[in-house]
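1. based on what follows, work out the 3D shape:
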Amino acid sequence: MKFSFDHLVWFSKKPEEAIPILEQMGIHAANGGRHEKWGTYNTLSYFGLSYIEFLGIENESIAEKHDENRLITHIVEQLPKASGEGPARIAIRTDSIEKLAIKLKADGFSVYGPIPGERARADGEIIKWSLLFPEITGNELALPFFIQWEKSDEQRMSELEKQGLIGNHSLGQPKFADVGFAVRDLEQTMKTWGRMLDLHPGAEFIDQELNARCRKIELSGTNLLFCTPIGEGYVEEVLKEKGETPFLVNLLGTNQSRFFKKLDGYLSFQ
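-> Model (predicted):
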C-alpha cells in the first residue's frame, strides 16, 4: 500500500488573505475553489504535488450539517475559538483507499468513509477525490485523513503546471521538506502513527532551535516531524496555546535562513 504526503490543512477565517502575505515572502498562492456540498472554500500553495490548503467556511449552515466528513466537523468546532486559525491536520495520499479502510478497522481504528469529494475550480472544472478519516479513542492530536484522487499523479502535475500553480515562487524552487507537530507524549504518538502507516519512525534527536525531542516519519513528498518540548520554546508555547497540533512548515531551497510566525503558524526557510 503506497502512501505519499498530500497536503497540510491550515484553518483560516479568510483564506484569500493568505495570498498577499505569502507573496511578500516569495511564496506563490492562489484561490483554489469552493466545496459547495460542504460549505467551505480554499486558497492553495503548491510545492510540487505537496501543498498547503488554507481552508475556510463559506456557508456555516451547510458546514454544520456534516458529520461523516471529519475535516468539516473539525473546522466547524475549531475555527470560532480564539486560537482556531493555523495548521490543523494533514492529508496523506493513497492508491488503495478501500483496502486501507478495511485494514484500519482491523487495526482498531474508527473509520469514516471513504466518502466522495469534489471542488469547483475557478475555471469551472470539477475536481474529484475520495476521503477516509481514521480516529482512535483518547487521541488529542488529530490523525491524518487519507485522500485518493480521481486522476493520477502525472495528470495532476501536468494540469497544475499548466494552471501556473507549480513553479511560480519568486524565491526560487522551495521544497516542502517537513511538517512539524507539537505533541505531549512522543513515544505514544510514534506508536499510533507508525502502526497506522506501517512505517518505522527514525531515531530520536534534539532540535536545538525548537528546544524539543523529535522523531521523523519519512513519507514521499514531505516528512512528518514530531516534537515534544524539553523546556521553554516554540513547541511548549504551541502546546499551551493550542494543544497537540501541526504547527510548523520547513521549506528547503529558499536561499535564506529565517524562522518566523505567520498566519498563526510557523515557517522555517532554509
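
2. so C227 touches A182, yeah?
-> Yes: counting by CB atoms under 8 Å, C227 touches A182, with 6.2 Å between them. Just so you know, the C-beta spots here come from the backbone N, C-alpha and C atoms, and that holds for glycine as well.

3. give me the common contacts of the two.
-> Contact with both C227 and A182 is made by residues V235, according to CB atoms under 8 Å, 6 or more residues apart in numbering.

4. just say helix, strand or coil for V9.
-> Reduced to three states with DSSP: H, G, I helix; E, B strand; the rest coil, the structure at V9 is strand.

5. and it, how many neighbours?
-> 23 (other CB atoms under 10 Å).

6. ok, now A29?
-> 24.

7. so who does the nearest residue to it once chain neighbours are set aside touch?
-> Leaving aside its chain neighbours, A29 sits nearest to S45 (4.0 Å; criterion: CB to CB, 6 or more residues apart in numbering). Taking CB under 8 Å, 6+ apart as the criterion, S45 is in contact with 18, 22, 27-30, 51-52, 54.

8. which of those are buried?
-> For these, a burial check counting by 16 or more other CB atoms under 10 Å picks out 18, 22, 27-30, 51-52, 54.

9. just how off-centre is the helix ranked longest in the chain within its chain?
-> Assignment by DSSP state H gives helix 186-197 as the longest helix of the chain. Centroid separation for helix 186-197 versus its chain: 17 Å, with CA atoms, centre = their mean, to the nearest Å.

10. could you list every helix and strand in contact with the lengthiest strand in the chain?
-> Criterion DSSP state E: the longest strand present in the chain is strand 110-121. Applying 3 or more CB pairs under 8 Å, 6 or more residues apart in numbering; DSSP states H and E, one finds that strand 110-121 contacts strand 30-35, helix 97-106, strand 126-135.

11. would you list every one of the helices in the protein?
-> 18-24, 60-63, 70-78, 97-106, 153-162, 186-197, 234-242.

12. can you pull the buried residues of the fourth one?
-> What it means is helix 97-106. Neighbour counts over helix 97-106 (16+ other CB under 10 Å) mark 97, 100-101, 103-104 as buried.

13. again with the fifth one
-> Judged by neighbour count (16+ other CB under 10 Å), helix 153-162 contains these buried residues: 156, 160.

14. okay, the angle between that helix and strand 110-121?
-> Per axes from the mean of the first three to the mean of the last three CA atoms, to 10 degrees, the angle that helix 153-162 makes with strand 110-121 is 40 degrees.

15. with just CA atoms, put helix 153-162 into CSV.
-> Output in CSV follows, covering the C-alpha atoms of helix 153-162 (Å, rounded to 0.1, in the frame of the first residue of the first chain):
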residue,chain,number,x,y,z
ASP,A,153,-0.2,12.0,-10.0
GLU,A,154,1.1,12.6,-13.5
GLN,A,155,-2.1,14.0,-14.8
ARG,A,156,-2.5,16.3,-11.8
MET,A,157,1.1,17.5,-12.0
SER,A,158,0.6,18.4,-15.7
GLU,A,159,-2.6,20.2,-15.0
LEU,A,160,-1.2,22.2,-12.1
GLU,A,161,1.8,23.2,-14.2
LYS,A,162,-0.5,24.4,-17.0
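
16. how about residues contacting that helix?
-> 4, 46, 48-49, 93, 149, 151, 166-167.

17. closest one to S220 among the helices of the chain?
-> Among the helices of the chain, the nearest to S220 by CB to CB is helix 153-162 (10.1 Å).

18. give the rounded mean pLDDT of the closest one.
-> For helix 153-162, the mean pLDDT works out to 93.

19. can I get stretch 27-34 in CSV, CA atoms only?
-> The C-alpha trace of stretch 27-34 is given here as CSV (Å, rounded to 0.1, in the frame of the first residue of the first chain):
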residue,chain,number,x,y,z
ILE,A,27,5.7,32.1,-1.9
HIS,A,28,3.1,31.8,-4.7
ALA,A,29,-0.5,31.1,-3.6
ALA,A,30,-3.8,31.3,-5.5
ASN,A,31,-7.6,30.9,-4.9
GLY,A,32,-8.5,27.3,-5.1
GLY,A,33,-12.2,27.0,-5.3
ARG,A,34,-15.4,26.1,-3.4
